[in-house]
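A.B. asks: Pasting the sequence and the predicted model now:
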Amino acid sequence: MALSPPGTLGIDFGTSNSAVAWRSHQGAAQLIALEDGALAMPTAVFFNSEQQRTHFGRDAVAQYLEGTEGRLMRSLKSLLGSPLLHETTQIGHEQISFQDIIGTFLATLRERATQQLGQIPRRVVMGRPVHFVDDDPLRDAQAEASLREAAQAVGFDEVSFQLEPIAAALDHEQRLTRESTVLVVDLGGGTSDFTVVRLGPDRMRRAERSSDILATTGVHIGGTDYDRQLNLSQVMHLLGHKHQGPDGREVPSRVFFDLASWHLIHWQYQPRAISHAKTLRSNYSDPHLHERLMRVLTERHGHLMAHEVEQAKIRCSVSRAETTINLSLLEPGLQALMGVNDLQLQLRELLARTVACARECVRAAGLGNASLDAIYLTGGSSALSTFQVALQAEFPGVALVEGDLFGGVAMGLAVSR
Ligand SMILES: Nc1ncnc2c1ncn2[C@@H]1O[C@H](COP(=O)(O)OP(=O)(O)OP(=O)(O)O)[C@@H](O)[C@H]1O
Ligand SMILES: [Mg+2]
């Protein structure tokens, strides 16, 4: 394989989805098809224990949903900056750390980019959220260092980082015809990031852009947190969440929280967690609910439930109508409901904190609403109808511009250096 001429690969390693873009020397950036022509792929790894093979992306999710024996890992990015990153898990005959599993995912992205480009990309700009970890600079720095190490270990020679919202802004700028001051909003699966920037065709040509970035803020809240909250409010009662036991006390809620958190589901299937769940039997008045909890754990249905909740969230947001969460794979006829009212009520606090972070960004930039030309929306969760309503209420009269939900950050990374 030929060595590459100068060019930059942008990798948006997302909590839920990843995308990759390439910019050859001075050319325009282009997204790289990662899976059957799709330009973004789920950040998912599935280890098939029958065939001892590892699958990635849509293929990984499909294997899991088809009921193949094995192990699904999602939201790997949420482990960066946490001690869990260095815990190992049995994959085939080996014990592998989650850091190395992130490495195998990055290696797959690199391999697919190499196939598409016909050359080995050497230089990579990786995206990073404004905060991997809120209010803990040390763990935040560790998170970036771990991601850098993983990228170096798979063979990239030159690894640099760019903030995800700045990358999104640089991508948006490629299409602007006049100078604008924009609040860029990137709502993903794990984090919500904001930046206020001055953008424009003339500014784009300048080498030094730091004075155009007026402020950045970020909060560790994203679509996977919405999924957790909706899972707890709409579904987990079917397993005993908030169920009163014979002594009048509720079943301890930890197991429901963990089962509803994409990056923690996997740990609930470990023998230790299952033994603990068995001991909860005496906390239930209705044994049927406890049996259901045990079935979910022993038959490993946690990801399926989270997947159904996520799909219902998206359906409900798009159709603005009540939708059914189908859980019949768990038990014939079992279902739950989700309506727009539930999205509003259950996500109110998370969305209020997210909108407050957007406001903080504009305040830190020293601006008021009147100085903003537009609010540019990117990231899958920015499509959530209740978020857009809350954001527009905070910034009345400022135009919301919907951008590329899944590819913009990778495109901006590729043009950012
Ligand atoms: N139409 C939609 N309405 C609401 N949410 C959506 C929609 N489509 C996707 N999502 C949510 O968007 C999230 C994924 O967005 P995205 O791919 O931008 O995140 P990410 O880049 O992987 O995460 P992060 O940037 O936080 O690391 C998921 O939580 C998904 O449920
Ligand atoms: Mg993202």
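C.D. replies: Structure's in. What do you need? Residues are numbered from 1 along each chain as shown. Ligands and ions are numbered 1, 2, ... in the order given.
A.B. asks: Output the contacting helices and strands for the helix or strand hosting Gly218.
C.D. replies: If you go by DSSP states H and E, Gly218 is part of strand 213-219. Packing partners of strand 213-219 (3 or more Cβ pairs under 8 Å, 6 or more residues apart in numbering; DSSP states H and E): helix 164-173, strand 192-199, helix 340-364. Glycine gets a C-beta too; all of them are placed from N, C-alpha and C.
A.B. asks: export those to JSON lines and tack on distance to Arg315 and mean neighbour count?
C.D. replies: Listed next are those as JSON lines, based on distance: least, Cβ to Cβ, whole Å; neighbours: other Cβ atoms under 10 Å:
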{"stretch": "helix 164-173", "distance to Arg315": "26", "mean neighbour count": "28"}
{"stretch": "strand 192-199", "distance to Arg315": "22", "mean neighbour count": "26"}
{"stretch": "helix 340-364", "distance to Arg315": "11", "mean neighbour count": "18"}
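A.B. asks: Just send those back as TSV, with mean pLDDT too.
C.D. replies: Compiled in TSV, the helices and strands packed on strand 213-219 are given as follows (pLDDT from 0 to 100):
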stretch	mean pLDDT
helix 164-173	95
strand 192-199	97
helix 340-364	98
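A.B. asks: got a markdown table for the ones you listed, with distance to ligand 1 too?
C.D. replies: A markdown table is the format used below for the helices and strands packed on strand 213-219 (distance: least, Cβ to the nearest ligand atom, whole Å):
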| stretch | distance to ligand 1 |
| --- | --- |
| helix 164-173 | 6 |
| strand 192-199 | 7 |
| helix 340-364 | 9 |
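A.B. asks: Which among those is found nearest to Ile213?
C.D. replies: Closest to Ile213 of the helices and strands packed on strand 213-219, according to Cβ to Cβ: strand 192-199, at 5.4 Å.
A.B. asks: Tell me how far the closest one lies from the chain's centre.
C.D. replies: 19 Å (Cα atoms, centre = their mean, to the nearest Å).
A.B. asks: Does anything pack onto that strand? Which helices or strands?
C.D. replies: Here strand 192-199 touches helix 164-173, strand 180-187, strand 213-219, helix 340-364, going by 3+ Cβ pairs under 8 Å, 6+ apart.
A.B. asks: who wins for proximity to Val61 among those?
C.D. replies: Of the helices and strands packed on strand 192-199, nearest to Val61 by Cβ to Cβ is strand 180-187, at 21.2 Å.
A.B. asks: what's the closest one packed up against?
C.D. replies: Against strand 180-187 (3+ Cβ pairs under 8 Å, 6+ apart) you get helix 164-173, strand 192-199, helix 340-364, strand 374-378.
A.B. asks: For that strand, give the mean pLDDT please.
C.D. replies: Mean per-residue pLDDT for strand 180-187: 98.
A.B. asks: That strand and ligand 2 in contact?
C.D. replies: No - against ligand 2, strand 180-187 shows no contacts by Cβ under 5 Å from the ion, the least distance being 5.9 Å.
A.B. asks: looking at the helices and strands packed on strand 213-219, which is closest to ligand 2?
C.D. replies: Ligand 2 sits nearest to helix 164-173 of all the helices and strands packed on strand 213-219, at 5.6 Å, using Cβ to the ion.
A.B. asks: low pLDDT regions in the stretch 151-300 of the chain?
C.D. replies: Counting by pLDDT under 70, the stretch 151-300 of the chain contains no low-confidence range.
A.B. asks: give me the residue from it nearest ligand 1.
C.D. replies: Gly223 (1.9 Å; Cβ to the nearest ligand atom).
A.B. asks: shouldn't that residue be in contact with Gly188?
C.D. replies: Yes - Gly223 is in contact with Gly188 according to Cβ atoms under 8 Å; the separation is 6.8 Å.
A.B. asks: Name the residues contacting each of those two.
C.D. replies: Shared contacts of Gly223 and Gly188 (Cβ atoms under 8 Å, 6 or more residues apart in numbering): 15-16, 380-381.
A.B. asks: Just give me the closest of the residues you listed to ligand 1.
C.D. replies: Gly380 (2.3 Å).
A.B. asks: Return the residues in contact with the closest one.
C.D. replies: Gly380 makes contact with 16-17, 187-189, 223, 405-406, according to Cβ under 8 Å, 6+ apart.
A.B. asks: Helices - which of those residues land there?
C.D. replies: The helices, defined by DSSP state H, take in Gly223 from the contacts of Gly380.
A.B. asks: Neighbour count added to the contacts of Gly380, as JSON lines?
C.D. replies: Formatted as JSON lines, those follow (neighbours: other Cβ atoms under 10 Å):
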{"residue": "Ser16", "neighbour count": "24"}
{"residue": "Asn17", "neighbour count": "23"}
{"residue": "Leu187", "neighbour count": "27"}
{"residue": "Gly188", "neighbour count": "27"}
{"residue": "Gly189", "neighbour count": "25"}
{"residue": "Gly223", "neighbour count": "26"}
{"residue": "Leu405", "neighbour count": "18"}
{"residue": "Phe406", "neighbour count": "21"}
